[in-house]
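Colleague: kindly generate the corresponding structure for this input.
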Amino acid sequence: MNSIIDNFYHCLQTDKSVGAIVAEDAVLNVSYPINQIIGLKAIESDYWLQFKSAFEHLERKAFIEFDSEYENDQWIAATGYFSGIFVNDFLGIPATGNLLYLRFTELVKIKNNKISEYYIIFDFLDVMHQAGIFPLRKSLGHCGQILPPTTMDGLSPLEVNKLQADGSEQLVLDMLEELSKFDGKSLLSMQLENYWHPDFMWYGPAGIGTTKGIKSFRERHQGPFVFSFPDRLVDHKACVVKKGNYVATGGWPHMHGTHSVGGWLGLPPTNKTLELRVIDIWRREGDLLKENWVGIDIIHMCKQMGLDIFALMKTSV
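Modeller: The predicted structure is shown next:
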């Protein structure tokens with residue numbers, strides 16, 4: 001059975017009204033350069049047209065999707081890909097004529113059986129990569145298509161009881177608290193081995209890439225990031241969604257930090273305070289976290305640093 005999100009995109013694809021699915025005053029937050037769209041009419045007229053015109057046979061294919069209650073409202077967390085044939089230029093990215101996978105990570109608030117808030121991060125930098133354009137330096141982690149959960153249960157997570165989901169949430173919260181203990185000198189000041197499985201997979205966005213295990217995670221993502229943003233602070237979350245061994249959280253923005261040291265993405269320091277749009281989905285295995293799917297609006301961060309990735313893309317073609 002299709003979810004309310006699948007029905008939303010089916011209506012947009014077939015030019016049907018989404019009024020039965022979306023609240024009149026709904027707020028849609030999309031990664032840069034689309035940003036925020038407010039209200040049913042604006043969502044119907046301004047959101048999906050450029051996607052439809054660029055891709056044929058466009059289809060949403062989530063490989064994780066689960067829901068739970070947060071502060072008396074129902075929320076859905078999901079990640080996966082839209083797939084379609086890239087037939088016309090998209091946001092200035094030149095069409096390839098080939099099959100393209102557009103990665104997404106999202107949090108959706110359902111109120112009175114309608115979508116009232118929608119946060120979605122598309123990996124537009126990865127679209128550029130699939131078009132053969134690399135405006136930033138090569139990712140330190142592995143580049144390529146992101147895999148579904150090893151357990152292949154992301155679309156119907158099993159939940160033995162509520163205590164299981166509560167335990168998953170607490171593990172994530174404790175892990176995030178541990179990340180705040182960075183002493184500014186050594187990555188070993190954060191005892192990740194107490195929270196992460198030795199073989200854990202961190203599925204990062206284009207520009208960072210995927211890593212496996214604590215050593216690779218520290219070298220290819222965590223080190224360059226925390227040393228570049230030493231005062232980083234998680235100061236907002238839209239919600240926490242939890243079911244069984246799965247937990248999702250994020251915000252718009254989710255974190256702030258001063259880009260005071262160089263190294264992240266190979267870029268020099270700007271001494272600017274940046275806001276980070278982030279959505280995370282974790283899967284627990286036993287008492288440790290085994291997999292983490294991460295959506296970060298990298299292009300929005302670069303824009304705040306004074307680097308326009310879309311303008312740079314045109315010089316890289």
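Colleague: contacts, neighbours, all on C-alpha from now
Modeller: OK.
Colleague: excluding its backbone neighbours, what's nearest the residue most central in space within the chain?
Modeller: Nearest to the mean C-alpha position of the chain, counting by C-alpha atoms, centre = their mean, stands G295 at 1.8 Å. Using C-alpha to C-alpha, 6 or more residues apart in numbering and skipping residues adjacent in sequence, the residue nearest G295 is I279, 5.1 Å away.
Colleague: am I right that the residue nearest to the centre of the chain falls within a helix?
Modeller: No: under DSSP: H, G, I helix; E, B strand; the rest coil, G295 sits outside any helix and is assigned strand.
Colleague: for it, give me its contacts.
Modeller: 104-105, 121-123, 204-205, 278-280 (C-alpha atoms under 8 Å, 6 or more residues apart in numbering).
Colleague: what's the separation between it and G184?
Modeller: 25 Å (C-alpha to C-alpha, to the nearest Å).
Colleague: could I get the buried residue list for stretch 306-317?
Modeller: 309-310, 313 (16 or more other C-alpha atoms under 10 Å).
Colleague: try stretch 235-243
Modeller: 238-243.
Colleague: what do you get for stretch 139-147?
Modeller: Quick answer for stretch 139-147 (16+ other C-alpha under 10 Å): 139-143, 145-146.
Colleague: relative to N29, which of the residues you listed is nearest.
Modeller: Lowest distance from N29 to the buried residues of stretch 139-147 (C-alpha to C-alpha) belongs to I146, with 22.8 Å.
Colleague: low-confidence ranges in the stretch 151-300 of the chain?
Modeller: Applying pLDDT under 70 to the stretch 151-300 of the chain flags no residue at all.
Colleague: what is the mean pLDDT for stretch 21-31?
Modeller: For stretch 21-31, mean pLDDT is 98.
Colleague: now that stretch: buried residues?
Modeller: For stretch 21-31, by 16+ other C-alpha under 10 Å, it's 21-24, 26-31.
Colleague: which strands and helices lie in contact with whichever helix in the chain runs longest?
Modeller: Ordering each helix of the chain by length in residues (DSSP state H) puts helix 162-179 first. When contacts are defined as 3 or more C-alpha pairs under 8 Å, 6 or more residues apart in numbering; DSSP states H and E, helix 162-179 sits against strand 239-243, strand 246-258, strand 288-296.
Colleague: can you map out the strands along this structure?
Modeller: 22-30, 35-38, 55-70, 73-86, 99-111, 114-122, 196-203, 210-212, 233-234, 239-243, 246-258, 273-285, 288-296 (DSSP state E).
Colleague: contact partners of the fifth one?
Modeller: It stands for strand 99-111. So strand 99-111 is contacted by 73-86, 115-124, 126-127, 130, 250, 279, 294-295 (C-alpha under 8 Å, 6+ apart).
Colleague: how about 7 Å then?
Modeller: For strand 99-111, the surrounding residues in contact (C-alpha atoms under 7 Å, 6 or more residues apart in numbering) are 73-86, 115-123, 127, 279, 295.
Colleague: which of those residues count as buried?
Modeller: 74-86, 115-123, 127, 279, 295.
Colleague: just give the number of residues close to G204.
Modeller: G204 is flanked by 22 other residues according to other C-alpha atoms under 10 Å.
Colleague: from G295, how far off is it?
Modeller: 7 Å.
Colleague: and what of E178?
Modeller: Taking C-alpha to C-alpha, one finds E178 at 21 Å from G295.
Colleague: S260 now?
Modeller: Distance from S260 to G295, by C-alpha to C-alpha: 23 Å.
Colleague: could you dump the buried residues of stretch 235-243 to a markdown table with distance to I110?
Modeller: A markdown table is the format used below for the buried residues of stretch 235-243 (distance: C-alpha to C-alpha, whole Å):
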| residue | distance to I110 |
| --- | --- |
| A238 | 13 |
| C239 | 12 |
| V240 | 14 |
| V241 | 12 |
| K242 | 15 |
| K243 | 16 |
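Colleague: which one of these sits closest to Q304?
Modeller: Distances from Q304 to those, taken by C-alpha to C-alpha, are shortest for A238, at 21.6 Å.
Colleague: spit out the contact partners of the closest one.
Modeller: 250-251.
Colleague: distance-wise, check it relative to E59.
Modeller: For A238 relative to E59 (C-alpha to C-alpha), the value is 27 Å.
Colleague: please apply the same query to D166.
Modeller: Distance from D166 to E59, by C-alpha to C-alpha: 33 Å.
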